[in-house]
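> Output the structure for:
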Amino acid sequence: MNHKRHSTVVFIPHAAGRVYKIHLSPTLLKVVAAFAVLAFILSLVALLGSGNFVRQRALYRSLEKENRELRRTNQKLQEALAEVHSRLEQFEQRTKQLAIAAGVADALVAPAPPPRTSVGTGGPLDRLTGNPEQLLQREAQLERQLGAVEQRLSEQQLLLSHTPTIAPVVGVITDGFGPRIDPMTRQAAFHDGLDISAAFGTPVKAPADGLVVFADREAGYGKAIKINHGYGFVRVYGHLDRIMVKEGLRVKRGDIIGRVGMTGRTTGPHLHYEVWKDGERQNPLHYILDAY
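Predicted coordinates for the structure are as follows:
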């Protein structure tokens, strides 16, 4: 007689307690084992899924925090760009004003407008037009414009410093520029300069910056000085009592170069002052702004 094989599970709660027995057939045992394995696998999957969920949640929170930081950074960048645009506009306006004052307004070129974006391309807002490359281009253009203005102002300053504008000596004009009767010969003659009567020994000043090219006696002029002021200007100072500069010396406007005397062809102490421009004689009164 064949008896089916089965398994018995015995439960003993405690030493004096009742004993419980459960008889399991092989088929039922297999089902229980299968359920146990399945439960273990599901538990393992749940555990892994729970861990992955925790990691995903942590990553999400990290990305959310990073996104908030990026939004704040982007807002600061937008504010900085707006400030840069405002500063560039101010600098461009000041450059334009300086260019007008320097007479080089035609050298300024208006900044190229930013390229227009078509509808739906997601272009920048109007208040934030431009990108770093365009800002650098505007900055480079502004630098070139400022350089042109500075160069022109420097040239004008140099020209003004070398253009006679003050009287070499203050006194009484006894003879002007143009036709006259020569006081020595009593003949009609052309007077090349301006005769300024002043006390003997009165200081004579350079009316502009320049280079002394002659400082010695010359026929008719007596003790004389010639100064090349550049830009085609040459000045002659005659009938001096003393010469206080030497050839090759650079002088500044207002420097004392000699003293009034009566050397050469003269009837009294005075300064003979001539102005030449590009080899042509000029009326010295046209280059004296502080007297007469």
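
> check contacts around residue 289.
Residue 289 makes contacts with 165-166, as judged by C-beta atoms under 8 Å, 6 or more residues apart in numbering. Every C-beta, even on glycine, is put in place using the N, C-alpha and C of the backbone.

> That one - that's part of a helix, no?
No. Checked against DSSP: H, G, I helix; E, B strand; the rest coil, residue 289 lies outside a helix; its state is coil.

> what separates it from residue 170, distance-wise?
Residue 289 is 13 Å from residue 170, where distance means C-beta to C-beta, to the nearest Å.

> so the residue most central in space within the chain, which of the three states?
Among the residues of the chain, the one closest to the centroid is residue 143, at 5.4 Å (C-alpha atoms, centre = their mean). For residue 143, the assignment made with three-state DSSP gives helix.

> quick one: pLDDT of it?
Residue 143 is assigned a predicted lDDT (pLDDT) of 75.

> Could you do residue 101 as well?
At residue 101, the model reports a pLDDT of 66.

> Could you pull out the helices in the protein for me?
In the chain, the helices defined using DSSP state H lie at 26-102, 132-162.

> If I take the shortest one and helix 26-102, what angle do their directions form?
If I follow you right, that is helix 132-162. Put simply, helix 132-162 runs at 20 degrees to helix 26-102, going by axes from the mean of the first three to the mean of the last three C-alpha atoms, to 10 degrees.

> How far does helix 132-162 sit from its chain's centre?
Centre-to-centre, helix 132-162 and its host chain are 8 Å apart (C-alpha atoms, centre = their mean, to the nearest Å).

> Check the longest one too.
Taking the mean C-alpha point of helix 26-102 and that of its whole chain, the gap between them comes to 40 Å (C-alpha atoms, centre = their mean).

> Can you tell me how far the residue nearest to the centre of the chain is from residue 243?
Relative to residue 243, and taking C-beta to C-beta, residue 143 is found at 48 Å.

> picking up where we left off before, ranking the helices of the chain by burial, who's on top?
helix 132-162 (a mean of 14; mean count of other C-beta atoms under 10 Å).

> Which strand runs longest in this structure?
What stands out as the longest strand in the chain, according to DSSP state E, is strand 233-243.

> Please identify the buried residues of it?
For strand 233-243, a neighbour-count test (16 or more other C-beta atoms under 10 Å) marks 233-241, 243 as buried.

> In the chain, what helix or strand scores lowest on average pLDDT?
strand 7-11 (a mean of 68; mean pLDDT, DSSP states H and E).

> what's the longest strand of the chain packed up against?
When contacts are defined as 3 or more C-beta pairs under 8 Å, 6 or more residues apart in numbering; DSSP states H and E, strand 233-243 packs onto strand 210-218, strand 222-230, strand 256-260, strand 270-277.

> One more pass at 10 Å, please.
strand 203-205, strand 210-218, strand 222-230, strand 256-260, strand 270-277, strand 280-282 (3 or more C-beta pairs under 10 Å, 6 or more residues apart in numbering; DSSP states H and E).

> quick one: buried residues of stretch 202-218?
202-210, 212, 214-215.

> end-to-end on that stretch?
One end of stretch 202-218 sits 21 Å from the other (C-alpha to C-alpha, to the nearest Å).

> Check residue 19 and give its pLDDT.
Taking residue 19 on its own, its pLDDT is 68.

> now residue 67
Residue 67 is assigned a predicted lDDT (pLDDT) of 88.

> does residue 171 really touch residue 268, like I thought?
No. Here residue 171 does not reach residue 268: they are 11.3 Å apart, not a contact under C-beta atoms under 10 Å.

> what is in contact with the two at once?
Both residue 171 and residue 268 are in contact with 195, 197, where contact means C-beta atoms under 10 Å, 6 or more residues apart in numbering.

> Just put the helices of the chain in TSV and tack on distance to residue 226.
Shown next, in TSV, are the helices of the chain (distance: least, C-beta to C-beta, whole Å):
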stretch	distance to residue 226
helix 26-102	32
helix 132-162	15
